[in-house]
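*Asks:* The amino acid sequence is not available; the structure is as follows:
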Ligand SMILES: C[C@](O)(CO)[C@H](O)COP(=O)(O)OP(=O)(O)OC[C@H]1O[C@@H](n2ccc(N)nc2=O)[C@H](O)[C@@H]1O
Ligand SMILES: Nc1ncnc2c1ncn2[C@@H]1O[C@H](COP(=O)(O)OP(=O)(O)OP(=O)(O)O)[C@@H](O)[C@H]1O
């Protein structure tokens, strides 16, 4: 095998419960992730040195060792004690710095693609553990579907989700820094609990699959901090809520906003309406599969 391409999805946090700051500098989380149908495709080919490129130029993606895909490649080779390298090419379909875990998707895709390219037969347990050292959202990008995330988000376990929904994804022209949002959360919530509560009611609603019930229970503890850092988002949020009072959500640490729809035609109408008002939006189904091989060559 000379080339492998892996596709990995974006995520939304249906519930993002944030607790106190841990000694490792991250916050304790109780989150419900859902993988949604916006994807990055990552292709790996053996090379003399590590290198990363994009199929099309995208602002904000580093093209050196800071790229999380190269960090993933190095972590996997270190785990196996290998002295090998690869050229990694990313086709970006996930917004950059949008709170949808695009970089995490690339890291997960790289781990899987290199494992297959070199037939390393890394166990699922080891892949998830290595993923967790790269970033809080990376293990979920491997898993996909809908899952509970605890620890700092890296401990993932699947939950039953019989829903099938459409997300209207409202993009922002400017990104928002994840550490900055968590930092401001600390200022706003100095008394956050050590361990945030598990969102049992939403877990039940997901098993039942009723989008109305799910929409009522969407929650994100980072929202007040993101609103403060980006007051322009409040106006967009008000517009979205005037169209649908429930089912509006900030994606992760933002600035992307989301609207939940049961029916794809209604979702398309919303996209058309928001586009006419000058917003940049797209549509994504959920839940979808985690990182998976799409081509071997
Ligand atoms: C906002 C979310 O996307 C929700 O799923 C994640 O919590 C962020 O996950 P991520 O981008 O993979 O974050 P990481 O790469 O692990 O961490 C980046 C930075 O975000 C902050 N961070 C991240 C995760 C977490 N549980 N607490 C934090 O405070 C820390 O400042 C950390 O240095
Ligand atoms: N392969 C990559 N794709 C995108 N960004 C990357 C990548 N590698 C490193 N980065 C850097 O990571 C940072 C976060 O980018 P990303 O698009 O993952 O943000 P995000 O979707 O808001 O993340 P999250 O939702 O996990 O907080 C950016 O500063 C970017 O420069």
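*Replies:* The structure has been received and is ready for your questions. The shown structure was predicted, so the numbers you read here are calculated from the model rather than taken from an experiment. Residues are numbered from 1 along each chain as shown. Ligands and ions are numbered 1, 2, ... in the order given.
*Asks:* Strands of this structure, start to end?
*Replies:* Assigned strands in the chain, in chain order: 3-21, 27-47, 51-54, 85-91, 146-150, 155-158, 165-171, 219-220, 248-250, 257-261, 280-286, 292-296 (criterion: DSSP state E).
*Asks:* closest point of the stretch 51-200 of the chain to ligand 2, which residue?
*Replies:* Nearest to ligand 2 in the stretch 51-200 of the chain, going by CB to the nearest ligand atom, is residue 103, at a distance of 2.8 Å. (Glycine included, C-beta is placed from N, CA and C.)
*Asks:* I figured that residue was touching residue 68, is that so?
*Replies:* Yes: contact criterion CB atoms under 8 Å: residue 103 and residue 68 qualify, at 4.5 Å.
*Asks:* For the two, list the residues in contact with both.
*Replies:* residue 135 (CB atoms under 8 Å, 6 or more residues apart in numbering).
*Asks:* Who has more neighbours out of the two?
*Replies:* Neighbours were counted for residue 103 and for residue 68 using other CB atoms under 10 Å; residue 103 has more, 27 against 22.
*Asks:* Also compute the angle for the lengthiest helix in the chain relative to strand 85-91, please.
*Replies:* The longest helix of the chain (DSSP state H) is helix 102-117. If you take axes from the mean of the first three to the mean of the last three CA atoms, to 10 degrees, helix 102-117 sits at 130 degrees to strand 85-91.
*Asks:* got the angle for helix 102-117 vs strand 27-47?
*Replies:* Using the same axes, to 10 degrees: helix 102-117 against strand 27-47 is 50 degrees.
*Asks:* Low-confidence stretches in the stretch 1-150 of the chain?
*Replies:* Judged against pLDDT under 70, the stretch 1-150 of the chain has no low-scoring part.
*Asks:* which parts of it sit against ligand 1?
*Replies:* 13, 16, 25-27, 29, 31, 101, 104, 135-137 (CB under 6 Å from any ligand atom).
*Asks:* Of the residues you listed, just the buried ones, ChimeraX syntax please.
*Replies:* Per 16 or more other CB atoms under 10 Å, the buried members of those correspond to this ChimeraX selection:
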select :13,16,26,27,29,31,101,104,135,136,137
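*Asks:* For the residue of the stretch 51-200 of the chain closest to ligand 2, list the residues it contacts.
*Replies:* Residue 103 neighbours (CB under 8 Å, 6+ apart): 68, 96, 135.
*Asks:* do the same with residue 249
*Replies:* 12, 14, 218, 220, 257-260.
*Asks:* partners of it in the sheet?
*Replies:* Applying DSSP bridges to residue 249 gives these bridge partners: residue 258.
*Asks:* Could you measure from it over to residue 110?
*Replies:* 28 Å (CB to CB, to the nearest Å).
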